Each structure stands twice: as structure tokens, then as C-alpha cells.
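K.L.:
Let's see this in three dimensions:
(2 chains)
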Amino acid sequence: MLRIHKVTGDSMSPDFQDGDFVVLTTVPFFLNRLKIGDIIIFEHKLYGTLIKRIASFDPETAEAYVEGTRPDSLDSLRLGTIRRDAIRGKVIAHFSR
Amino acid sequence: MIYQLLTRLDEKFGFETAQAHCDVPCGIYDPSTAQIAALTVVRMMDLMAALESGDEKSTTDFHNSMERYISVKEEHAEKAKHEIRIIWGDYFKKDKHPNVDDLVHKIMQLGSKVRQTADREAGVAFVAAINEFAEAFWATKEVKTKKAKAPYAPALEMVYPDL
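P.N.:
Numbering: from 1, shown residues only, chains lettered A, B, ... in the order given. Predicted coordinates for the structure are as follows:
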């Protein structure tokens, strides 16, 4: 299944900028494996729906460490690791102005 | 084209948002700081030349003024380079704006030259290159630009967003 989201904020700039649109696949991850470098959209209990890049995986829990592009981006140091069930989907297409 | 279509659909139906948060407020990019800094460099060159053409060259006041002009020229050349580097690195996309790389390299070299020398031609070229960068920047935001002389010395032609 595909969904469209609009990006707000600039932590992923210049790759993804405020106002860009992304298409994400919500196909179950056992059919569509996540890997380092993938852009994901996920739910965070404090910050809401976020878009970030997977930086690495916890070797024991397989939870994802995420990061933005900009050095001042919120990352897993502040967000914690991202559980699989919090991940809405993986970005597969991107449209910018 | 697809972006425009998605924008219209978003206006009508409202897509969900995904936030790309930073620790600090960000997303404010504007080349005007670099443009003013580059203009200041030329202004300092003019003041240096005017001072040099005077009769009093061995007074304390002469050396004090010259030192201040040189110091401000150094500071603003570096400020202009810094501002351009930020916009280039954090805003421009390499795949969408491939020509900006060469322009930024040219700005960096001119920025060094105006620090090393008091060459006014290099100063004017520095301003012109940063104006070109400003045009490219505003084009990415679909903001028209206009050219007009700065309303203060050295009154060089500048690029302004036509808002």
C-alpha cells in the first residue's frame, strides 16, 4: 500500500526540503526489508510523525537508529531507537518543487 | 508537474505531514547577508584608497583608520564566504543545481583575493558573483528578482527579491 506525506521542517535539507512530497510504501517489512540509508516515516510519542534516515540498527533488538541530514537535526540521541511497529513506511518516491 | 499536481491535491484534501525536526529553529536562508558583506568589502577598499590619497600618511590617526578599514574588509569577506557556504551546503541540491558548485568555488576564490589585496576590480567581481548566487537562490523559491543600485556607497548594482 502507498501513502503520500508532505515534509515540514528542514532537518533533512537539502535532500528533502520543507514542502516536498514523499510517497511511502507500507508493505510489511518482512517483504520489504529495511536497510541503512533508507528514509523512513515513523511515529514518535513526543515529536509526532517524523521523517529521518536510518543510520544503523541495534544488533540485539533490530530497532533503528535514525538521523537527519543537517548537523542540528534531531537524531536517535534525543529520539531513542525506533521500534519496527512505530515505522509507518519507507520512502520510495520524492517530489520537490 | 507532478509536484504542482500534488500541491493542488494537498490544498484540497490535505496530506498527512512528516516533520523533519531540528534542535533549533532552522530553514531561514537568505543571501542578503552575504551580499551586504561583499558590498562592505568594496566600501572598505574605497575608504582605504581615499585615505591613501590624502596627505597625512604618518599620523597615528592614519594608521588607526587604515587598520580599521582593513580589519572590517577581512571580517566581511569571511562573513560573505561563510554565508554562501551555509546556503550552498545546507540548501542547494547537487543534482538539481549542478552549476552552483562552480559559482561557489568562484566566490570562495574571489573572497580570498579581496582579503589578500585591495584590488577593487576583484571586490566588484566578488559582489557580482554573490549577486549571481542570489539570483540562483531566489529562482529555487520561484521568487522573481530585480536589479537596482544599492542606496548607499558604493552604490553597486545589486540583486533583490521582487516580493
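K.L.:
where exactly do the strands run in chain A?
P.N.:
A:2-8, A:21-25, A:39-44, A:48-57, A:64-67, A:87-95 (DSSP state E).
K.L.:
what residue lies at the spatial centre of chain A?
P.N.:
Chain A has A:Ile40 as the residue nearest its centroid, 2.5 Å off, counting by Cα atoms, centre = their mean.
K.L.:
which secondary structure element contains the residue nearest the centre of chain B?
P.N.:
What sits nearest the mean C-alpha location of chain B, by Cα atoms, centre = their mean, is B:Ala34, with 2.6 Å. Element membership for B:Ala34, per DSSP states H and E: helix B:32-52.
K.L.:
Quick one: list the elements packing against that helix.
P.N.:
Counting contacts by 3 or more Cβ pairs under 8 Å, 6 or more residues apart in numbering or on different chains; DSSP states H and E, helix B:32-52 is packed against helix B:60-90, helix B:120-140, strand B:157-161. The way it works is simple: take the backbone N, C-alpha and C, and place the C-beta from them, glycine included.
K.L.:
If we use 6 Å, what do you get?
P.N.:
With contacts taken as 3 or more Cβ pairs under 6 Å, 6 or more residues apart in numbering or on different chains; DSSP states H and E, helix B:32-52 sits against helix B:60-90, helix B:120-140.
K.L.:
that older thread, I'd say the residue nearest to the centre of chain B and B:Ala80 touch.
P.N.:
Yes - at 4.5 Å, B:Ala34 counts as touching B:Ala80 under the criterion of Cβ atoms under 6 Å.
K.L.:
Distance from the helix-or-strand element of chain A with minimal mean pLDDT to the middle of the chain?
P.N.:
Counting by mean pLDDT, DSSP states H and E, chain A has its least confident helix or strand at helix A:76-79, which shows a mean of 79. Relative to the chain's own centre, helix A:76-79 is displaced by 13 Å; criterion: Cα atoms, centre = their mean, to the nearest Å.
K.L.:
can you list the weak-confidence ranges in the chain?
P.N.:
You didn't pick a chain, so chain A it is. Scanning chain A for pLDDT under 70 picks out A:29-32, A:71-72.
K.L.:
That was the other one, I meant chain B.
P.N.:
In chain B (pLDDT under 70), the answer is B:22-27.
K.L.:
re the thing from before, dump the strands of chain A to a markdown table, plus distance to B:Gly111.
P.N.:
Converted to a markdown table, the strands of chain A look like this (distance: least, Cβ to Cβ, whole Å):
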| stretch | distance to B:Gly111 |
| --- | --- |
| strand A:2-8 | 33 |
| strand A:21-25 | 36 |
| strand A:39-44 | 35 |
| strand A:48-57 | 32 |
| strand A:64-67 | 31 |
| strand A:87-95 | 33 |
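K.L.:
can you redo those strands as CSV with distance to chain B?
P.N.:
Listed next are the strands of chain A as CSV, based on distance: least, Cβ to the nearest Cβ, whole Å:
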stretch, distance to chain B
strand A:2-8, 4
strand A:21-25, 5
strand A:39-44, 5
strand A:48-57, 4
strand A:64-67, 11
strand A:87-95, 5
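K.L.:
so which of these comes closest to B:Asp10?
P.N.:
B:Asp10 lies closest, by Cβ to Cβ, to one member of the strands of chain A: strand A:2-8, at 5.8 Å.
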